[in-house]
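>>> this one's structure only:
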């Protein structure tokens, strides 16, 4: 056996998406990082070993403008380009390549950490090292560092170090959580094994193995949805172990899940109830249970149900989530209740930094499903894209602590602004904070553009197919209320809708209302601001004007509600306008075994999926300032009370964005953020496929030039860009009094343009 010792600035244990994001974030800031993972592939529950699809703040498309940016956003875009079919093996390589692209990361796969050296009293522990055993290599490695991250999910490192944690459900009164049980207990969410099927094109018989359960002797066929052709994502409810110890009873849980999977397949193939399964075979059955819950560490803040539902705007926010509080019965697949109960906040919620480090272990951070949260709040934070967001924040914090020779609690006390500024500069998934770095030279410049989009509208074409005068339209009968989310910048002063009015609608009125959304990050109606009734006359393709007016004190979102009317159909175009969403009010939603409870949940009631990348034809009577050139240096790199980007008028190519300084500045690096439509829902595996290999809104071809004493000097030329965040470090600094970004497109979308001197660190 070989015994080795290695020293790093940061040691990350756990190579799921939380650990991957943490390691990449820390390495990009110059830290030396060990990423230690006990499996042969990275990705954790998203890997080809387990194959859980990556969920996050988008809530499978329910939340608006919520797809994560930052490192997990990069993984989404890269996977979409390389792996649009959602092959789990290719996803493994996307994640592995992202890690190996960082020279500061030393990757240790198949390395199981089972020893932790820590010292100090119970309330002031300090980790000195962790030791891992690399299977098949017969190597034992002692990892020494000033900062450690537990991204193991199960929280093993923190547990061995003596960090405080909770297991199970808190009592309702402890944190005032209405969804918590009356009494505390140790019940958990269970584990799941998924399976894949394949159509072989000819009849395939199935002889069940001895372990196969007779599921007709259980309540599963009556209580759960079983379909022959459903993909693995549909069987998330094959869950068990919440009444056991999900770690120490892991082998027993795996065997029970196997028995039910093979029993379900026996039921599908041999019961005679699924004739469409004749040609199907089992292609793959997982061997590693996907765990949902175990230890949750105690930090300086414990995230709660009220924090999530109330969308509490923490001063130390470092990321966001948006998945519902998604709780499953501890009995799992055998429970009499539905497979899940879900409670959605009205928009994304915020996660504080104080939930990412230990209250009693000075140099321990954590990210993933083991963060400091109650069982109820964990029901939302546990999904993998949210875990990755927290991982990026924890890794960034660890690098800053290592650089400054400090610990996480001290960073939370005096360095939170630096942490947030760093995350925003890295395009991390943070909402509602303005980037105000004094090192950003663009914020001192006068900003101008070749043109700016000021007409807020989606215009129709003539009847028939798409033509040069605009897209074709189709009627959308107002069987349910319709919605239109618009930027109110500076306000709304009348909106026109293209509609058909049937004979039975003539002589009646159409009710149209204008609501605010309560919070700049939300996209559901909150407070009624204006209402009108529009008189109707019979006729097709007529513009109905709703003279609604609202001027908020700050730019915000306006939600136009068009009430259902049996005699009216709105026109829908196969096109969309950035910053505008069309919605329909669905009413009751049947989602299989999911219970949304008795609480009104606007993001469930108002849906965008039926109108995905389409729009009601409309015209805003007043010009908008939502796409002004200044938005590209305004500090908000995500939709927040408006789209927060510069958009050109789309009339001619090329278009440019320009910065002018009163005195020459030294330009050493240019950082760009382009629009990749964060409302577009993506998924890494088979559950959902976006049709775009490269997001159509992204700037593809561009140049950057600086004006020096010799005139305009080219600095950067890119063709075929497919990434949102681009960083260009110049080989030599250039003194310039102006800088110009030129885009080879008629409609350019630029979220952020940032400029730094040659000595500004990443």
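Looks like it arrived, so ask away. On a predicted model such as this, the values are computed, not experimentally measured, just so you know. Residues are numbered from 1 along each chain as shown.

>>> any idea how far residue 517 lies from residue 317?
For residue 517, the distance to residue 317 equals 19 Å [Cβ to Cβ, to the nearest Å]. Glycine gets a C-beta too; all of them are placed from N, C-alpha and C.

>>> which of the three states applies to the residue nearest to residue 672 when sequence neighbours are not counted?
Leaving aside its sequence neighbours, residue 672 sits nearest to residue 726 (Cβ to Cβ, 6 or more residues apart in numbering; 4.6 Å). With DSSP: H, G, I helix; E, B strand; the rest coil as the basis, residue 726 sits in strand.

>>> let me know the distance separating residue 726 from residue 382.
Taking Cβ to Cβ, one finds residue 726 at 32 Å from residue 382.

>>> so if I had to pick from the two, which one is more boxed in?
residue 382 (25 against 17; other Cβ atoms under 10 Å).

>>> wait, isn't the more buried one in contact with residue 294?
No - using Cβ atoms under 8 Å, residue 382 is not in contact with residue 294, being 10.7 Å away.

>>> common neighbours of those two, please.
Residues touching both residue 382 and residue 294 (Cβ atoms under 8 Å, 6 or more residues apart in numbering): residue 369.

>>> contacting residues around the closest residue to residue 458 other than its chain neighbours?
Nearest non-adjacent residue to residue 458, counting by Cβ to Cβ, 6+ apart: residue 615, 4.3 Å away. By Cβ under 8 Å, 6+ apart, the contact set of residue 615 is 458, 572-573, 575-577, 580, 582.

>>> if we use 10 Å, what do you get?
Residues in contact with residue 615, defined by Cβ atoms under 10 Å, 6 or more residues apart in numbering, are 457-458, 471, 473, 484, 571-577, 580-582.

>>> and if you look at residue 657?
Per Cβ under 10 Å, 6+ apart, neighbours of residue 657: 442, 447-450, 452, 629, 632-633, 646, 648, 672, 702, 704, 739-743, 748, 750, 753.

>>> wasn't it part of a helix?
No - read with three-state DSSP, residue 657 is strand and lies in no helix.

>>> just the buried subset of the contacts of residue 615, please.
457-458, 471, 473, 484, 571-573, 575-577, 580-582 (16 or more other Cβ atoms under 10 Å).

>>> make TSV out of those residues and add distance to residue 678.
Converted to TSV, the buried ones among the contacts of residue 615 look like this (distance: Cβ to Cβ, whole Å):
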residue	distance to residue 678
457	22
458	20
471	23
473	26
484	19
571	27
572	23
573	22
575	19
576	14
577	15
580	14
581	12
582	17
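
>>> return the member of those residues nearest to residue 534.
residue 484 (14.2 Å; Cβ to Cβ).

>>> need the contact list for the closest one.
When contacts are counted by Cβ under 10 Å, 6+ apart, residue 484 touches 458, 495, 497, 512, 514, 558-562, 570, 580-583, 615-616, 618, 620.

>>> recalculate using a threshold of 8 Å.
By Cβ under 8 Å, 6+ apart, the residues touching residue 484 are 495, 559-560, 562, 580-583, 616, 618.

>>> can you lay out these as JSON lines showing distance to residue 93?
Shown next, in JSON lines, are these (distance: Cβ to Cβ, whole Å):
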{"residue": "495", "distance to residue 93": "48"}
{"residue": "559", "distance to residue 93": "42"}
{"residue": "560", "distance to residue 93": "45"}
{"residue": "562", "distance to residue 93": "47"}
{"residue": "580", "distance to residue 93": "37"}
{"residue": "581", "distance to residue 93": "34"}
{"residue": "582", "distance to residue 93": "37"}
{"residue": "583", "distance to residue 93": "37"}
{"residue": "616", "distance to residue 93": "41"}
{"residue": "618", "distance to residue 93": "44"}
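
>>> between the residues you listed, which sits nearest residue 16?
The closest of the contacts of residue 484 to residue 16 turns out to be residue 581 (Cβ to Cβ; 32.2 Å).

>>> what's around residue 199, how many residues?
Neighbour count for residue 199, taken as other Cβ under 10 Å: 14.

>>> before we move on, what about residue 540?
Per other Cβ under 10 Å, the neighbour tally for residue 540 reads 13.

>>> what's the answer for residue 7, then?
For residue 7, the count of nearby residues is 13 (other Cβ under 10 Å).
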